Structures are given as structure tokens and as C-alpha cells.
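Trainee: can you look at this prediction? I've put the sequence above it.
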Amino acid sequence: MRICAKHGFLISATWALSLVIGAPLLAHSQAAQTAGQQPAADPAAKAEVKAEVKAEMKAELKPSAPTPIALQKAGLGDPKPWDPDWDKTVEAALPADLLSPGLERQVKSLCPRFRYLSDEDRRAFWAYFFQALAGAEAGLKPTISVRHRQPEVAVTDTVTHRIVRQEGLLQLAYMDGDRYGCDFDWAHDKELPEHDPAKTILQPKNNLLCGVKILNNQLVSRHEDLFSRKSYWVTLRPRHPSFIVFIKQMANVPEYCGSRYHTASPSTRSLPPASEATNAPANGTSSETAKPASGSTAAGGPNANAGQSTVASH
């Protein structure tokens, strides 16, 4: 078949144009097919990455020093007055806000150098703080459960509908579960004996995690100082007699905090005398506790503003 030069030129031009247009389309199609054939992210690989992150996190956690009461109990034969795993529970649960350098103002009385510490050291500071708080509140005994009988603090727990009890390492109440989103299960616990370690509120992890949430509410949400008359725990109210009990447990606060309370021999010379306390002692006693420093219920802690008919609100 014969094709004239003119027609041949048109055919060649048409063929060339088709190559110019078609090549990119073909490449795009092949790329799309290739992308569609790529396998989804391997779940095992994702799990491996998560495990590496957790391992890295654990490597940054360090145990806190023992409080004076922990040393005393160890000297009396208690093999583990404070479980190092409880430090890990606290350190791993700390929200970013409690590690922020901007929190320096709220905690400067206990850790003046807080702003300049590494995250690792800030975590260790908080772990020691909660150990000291548990020492002052419950003598480091996780199964303590106390009911205070003073009319001004014997309020009704909104969850149990019974007179409130202060329970566990940080002396918390079931209604704190509703208020702060803590993992306390009254429906499960009400059938168990009073001091049964299987009770959700007495389990150290649940109790400490709730304490972290309460503290975060005080320092971050409400912008209160660590030592405040509105604190949930009366042991953190400077003019309450129980405050001295807490301060004595801070004798081994990490030295890098630069705290005046860091001393091998705890002193209360710099503290306000108990006679200046604005609240009456709110301590309760039970057959299981050797004078717990305080219990903290009701809205500002069960012993909030003892001697008043109302309590501080969180």
C-alpha cells in the first residue's frame, strides 16, 4: 500500500503525540498499581516499635530514695515497706503538665530547682513526693481504711451512700472515683472485707493513679500551690498539724531539688508551730493504723476545712 509523504507526515505526528500523552498516563497507572500491591503496615512491626518506646520510657525511670518511715519499717523487719514498682506506677502516669518547667512556682517550696531538672529527675521527685505523702497519710500501708467520726467530716460518700471512709495509701474515697475518673469499683468492693487487698480502692496502683489525677487537678487545673489551704490532703496544708508529719517524710527528697527540707536529720524549726493551726486535727484512728496523719475525703478531701460545715471544692 502506498502512502503519500503528506499523509505519512500526519501519521508520524499523530503517533508521536500519542506517545507524549500516553507515556505519563501509563506511568501513573503502573505507579497506582504498584502502590495498591504494597502490603499494609505489619502489625508485628508496629508492636515492636511500641515495645521499643516503652523500653526507652522505662530506662528513663529511676527509683526514689526511701522515706524515713520506710527506713524505720525496714529496720523493724518489714522486707518491702515501699514497693519500687509503685514508683514506676507514679512516674509512668505523670502527665506532661506535671513535668512542665512552668510548674516551678507551684512546687518551689519543695523543689526550688524544678525548672532546671531533666524530665527523668522531675519524675523521680514526684515519685518521692507520693511516697512521702503515703507515709504521712497511711504509714505506707496500702490496706488501711479509716472512718472519721467527727461530725464535720463524717459526710456521706455519694457513691457508697455510707459515712465516708478514707482508704489506701493516699486515703481516698469512692466518690473520688466519680470526681476524678479513678478506677474504683464499689459494686465489686462492697462484698469484700473492710481491709481486703482485693478491693479496687486499696490496690496501690489504682490508689496512686487516682492521687496523680487529684494532684494534677490542684496544680494544673486550679493553679494552686503544692502547699495550699485548699489541698485535697490536709497533710499539704501548711498550718495544719499534720503538715509537720508530711514534712518529716520529705527528709530524703532528691538533693538536686535544692530543697530546704532535704536533711539527714529532719527538722521542723522552719515550720509554723502547731498552735497556729487554723483547722482542728482531723486524724482518725483505727485498729489497723498507728495514727495516720490524716484522711482526705469530701470535696476538698474528707477532712477538708475540719471545723467547718462546708468543704473546699475541687
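Mentor: That came through, no problem. Note that the coordinates shown come from a computational prediction; the quantities given were computed from them, not determined experimentally.

Trainee: just the strands in the stretch 101-250 of the chain please.
Mentor: Here the stretch 101-250 of the chain has its strands, by DSSP state E, counting those that start in this stretch, at 145-146, 166-167.

Trainee: any weak-confidence spans in the stretch 1-150 of the chain?
Mentor: Counting by pLDDT under 70, the stretch 1-150 of the chain has low-confidence residues at 1-62.

Trainee: need the helices for it, in chain order.
Mentor: 5-37, 43-60, 68-75, 84-93, 104-107, 119-138 (DSSP state H, counting those that start in this stretch).

Trainee: which secondary structure elements does the shortest one contact?
Mentor: By that I understand helix 104-107. Counting by 3 or more CB pairs under 8 Å, 6 or more residues apart in numbering; DSSP states H and E, no packing neighbours are recorded for helix 104-107 among the helices and strands. C-betas here are computed from N, CA, C, even on glycine.

Trainee: report the buried residues of it.
Mentor: Within helix 104-107, the residues that count as buried by 16 or more other CB atoms under 10 Å are 106, 107.

Trainee: dump that helix to CSV, restricted to CA.
Mentor: Taking Å, rounded to 0.1, in the frame of the first residue of the first chain, the C-alpha atoms of helix 104-107 are listed here in CSV:
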residue,chain,number,x,y,z
GLU,A,104,8.1,25.7,89.2
ARG,A,105,6.0,28.3,91.1
GLN,A,106,3.6,25.7,92.4
VAL,A,107,6.3,23.3,93.7
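
Trainee: who touches that helix?
Mentor: 112, 114, 115, 219, 223, 224, 225, 226 (CB atoms under 8 Å, 6 or more residues apart in numbering).

Trainee: how many neighbours does the first one have?
Mentor: So the one you mean is residue 112. Using other CB atoms under 10 Å, residue 112 is surrounded by 14 other residues.

Trainee: spatially, what comes nearest to it if we skip its sequence neighbours?
Mentor: When the adjacent residues along the chain are set aside, residue 112 lies closest to residue 258, with 4.6 Å between them (CB to CB, 6 or more residues apart in numbering).

Trainee: same check, this time on the last one
Mentor: Beyond its immediate neighbours in the sequence, the residue positioned closest to residue 226 (CB to CB, 6+ apart) is residue 107, lying 4.9 Å away.

Trainee: list the buried residues of stretch 205-225.
Mentor: Going by neighbour count (16+ other CB under 10 Å), the buried part of stretch 205-225 is 205-216, 218-220, 224-225.

Trainee: can you dump the C-alpha coordinates of that stretch into CSV?
Mentor: Only the C-alpha atoms of stretch 205-225 are listed here, as CSV (Å, rounded to 0.1, in the frame of the first residue of the first chain):
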residue,chain,number,x,y,z
LYS,A,205,-1.8,1.1,91.5
ASN,A,206,-5.4,2.3,91.5
ASN,A,207,-4.9,4.5,94.6
LEU,A,208,-1.7,6.1,93.4
LEU,A,209,-3.0,6.7,89.9
CYS,A,210,-6.0,8.5,91.4
GLY,A,211,-3.6,10.6,93.5
VAL,A,212,-1.8,11.7,90.4
LYS,A,213,-5.1,12.9,88.9
ILE,A,214,-6.1,14.7,92.1
LEU,A,215,-2.7,16.5,92.3
ASN,A,216,-2.9,17.4,88.6
ASN,A,217,-6.3,18.9,89.3
GLN,A,218,-4.9,21.0,92.1
LEU,A,219,-1.7,22.2,90.5
VAL,A,220,-2.7,22.4,86.8
SER,A,221,-6.4,22.8,86.6
ARG,A,222,-6.9,25.1,89.6
HIS,A,223,-3.4,26.6,89.6
GLU,A,224,-3.0,26.1,93.3
ASP,A,225,0.4,25.8,95.1
